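>>> Predicted model, plus sequence, below.
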Amino acid sequence: MPIRLTRITSRPVFYQLCTLCIGMLSLYSLTITYHSSFSGGCLKEVDSVFGEMVSTSPKPFLSKNDTVTEDVFKWWKPIQGSRENFTYFKMTVEKTFQMIPPSLEVMKPSPGRCRTCAVVGNSGNLKGSHYGSLIDHHDFVIRINRGVTKGFEEDVGTKTTHRVLYPESAPRVENTTCVLFFPFKIHDYEWLRTAMSPENVKSPRRIYKDKVMILSPAFMKYVYDVWLYKKDGYGSTGFMTVVLSLVLCDEVSVFGFGIDNDGNWSHYFERFKYNGLGTGLHSGKVEYSIYQRLHEEKKIQFFKGL
């Protein structure tokens, strides 16, 4: 029997900057939403296989009361070579949430409009794409790592509601942008506390503590287990962001993933001197094939650029 979608929307207050991050988190905390086919309206029944993949997602974000089991920690710990034990990890996470304000009220479902999300990667195939206005038309625009807009507005747009980052990839973040923080090691939580501290108020890498959501290691493991079938290492930041959007949003559009015209995994805002650039520990080809399949099955709209 097919899984039926549940429509999740929020009141106009959702758009107020002070509740932007909480609104997106609340979309999940109330119930899981499933992505729809693009024909026949925003929400409709979806096939049971896709529905089951999405419904098995753990809570994507950590909170003061929802932390991580020791089994998940043991899977997550070797990703980037953390040496500390589970006790130290729990203490570090607890200290981090002493700085982050508690969540506001949970948004309630209503028969309003659906939520559209644009996930914008950094591929060089965005150059000359003229996707800017299309990207900005979405309710949420999620940019990844150092993806810039200035000077590239025609191709990538100007709107940024959410920024995915980890310490090594952190750009300057405006106080109107929600941070989706992806921690890959225990030190990342310590870095985040420093970035949110009052002493860091004048730093260009300041993070605003009332606009932070921390991705759970349990969600990272879920992406590896369910979407990558426990192969090819853990998912890339971009791939995990796409899966996260499938869990949180009603309609997902994906831009800026894959190789450029020269066959390189390059960035639209950088110039590379060498050809044959790859994707490091991540299997870019495997992840790209999944984007293509999701597009063919009308679970996402995948814009391949030029």
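Arrived safely.

>>> what's the neighbour count on the closest residue to Thr161 other than its chain neighbours?
Closest residue in space to Thr161, ignoring its immediate chain neighbours: Phe140 at 4.8 Å, by Cβ to Cβ, 6 or more residues apart in numbering. C-beta coordinates here come from the backbone N, C-alpha and C atoms, glycine included. Neighbour count of Phe140, defined by other Cβ atoms under 10 Å: 22.

>>> so how far is Asn85 from the residue nearest the centre of the chain?
Relative to the mean C-alpha position of the chain, the nearest C-alpha, by Cα atoms, centre = their mean, is the one of Thr241, at 3.0 Å. Distance, Thr241 to Asn85, using Cβ to Cβ, to the nearest Å: 29 Å.

>>> do you know how far Pro60 is from Val226?
On the measure of Cβ to Cβ, Pro60 and Val226 end up 13 Å apart.

>>> what about the two, which has more around it?
Set Pro60 next to Val226 and count neighbours by other Cβ under 10 Å: Pro60 wins out with 25 against 15.

>>> pLDDT score for the closest residue to that one other than its chain neighbours?
Leaving out its chain neighbours, the residue that sits closest to Pro60 by Cβ to Cβ, 6+ apart is Phe219, at 4.6 Å. Phe219 is assigned a predicted lDDT (pLDDT) of 97.

>>> Surely Phe219 is within a helix?
Yes - with DSSP: H, G, I helix; E, B strand; the rest coil as the criterion, Phe219 is assigned to a helix.

>>> Any stretches of the stretch 51-200 of the chain with poor pLDDT?
103-113 (pLDDT under 70).

>>> would you list every one of the strands in it?
Listed in chain order, the strands of the stretch 51-200 of the chain (DSSP state E, counting those that start in this stretch) span 116-120, 140-144, 162-165, 178-181.

>>> Relative to Lys304, tell me which of those wins on proximity.
Closest approach to Lys304 among these is made by strand 116-120 (13.5 Å; Cβ to Cβ).

>>> Quick one: work out the angle between the closest one and strand 140-144.
20 degrees (axes from the mean of the first three to the mean of the last three Cα atoms, to 10 degrees).

>>> Note down every partner strand of strand 116-120 and its orientation.
Taking DSSP bridges as the criterion, strand 116-120 pairs within the sheet with strand 140-144 (parallel), strand 251-255 (parallel).

>>> In JSON lines, list those along with distance to Ser245.
Shown next, in JSON lines, are these (distance: least, Cβ to Cβ, whole Å):
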{"stretch": "strand 140-144", "distance to Ser245": "7"}
{"stretch": "strand 251-255", "distance to Ser245": "5"}
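
>>> which stretch among those strands comes nearest His130?
Between the strands paired with strand 116-120, strand 251-255 lies closest to His130; by Cβ to Cβ that is 11.4 Å.

>>> Outside of that closest one itself, list whatever touches it.
Here strand 251-255 makes contact (Cβ atoms under 8 Å, 6 or more residues apart in numbering) with 35-36, 38, 42, 114-121, 126, 129, 131, 134-135, 138, 156, 242, 245-246, 291, 295, 299-303, 305.

>>> I'd like to know which of those residues are buried.
Buried members of the contacts of strand 251-255, scored by 16 or more other Cβ atoms under 10 Å, are 35-36, 42, 114-121, 126, 129, 131, 135, 138, 156, 242, 245-246, 291, 295, 299-303, 305.

>>> Look up how far Pro171 lies from Lys150.
11 Å.

>>> So between the two, which is more surrounded?
Between Lys150 and Pro171, counting by other Cβ under 10 Å, Pro171 is the more crowded of the two (13 against 8).
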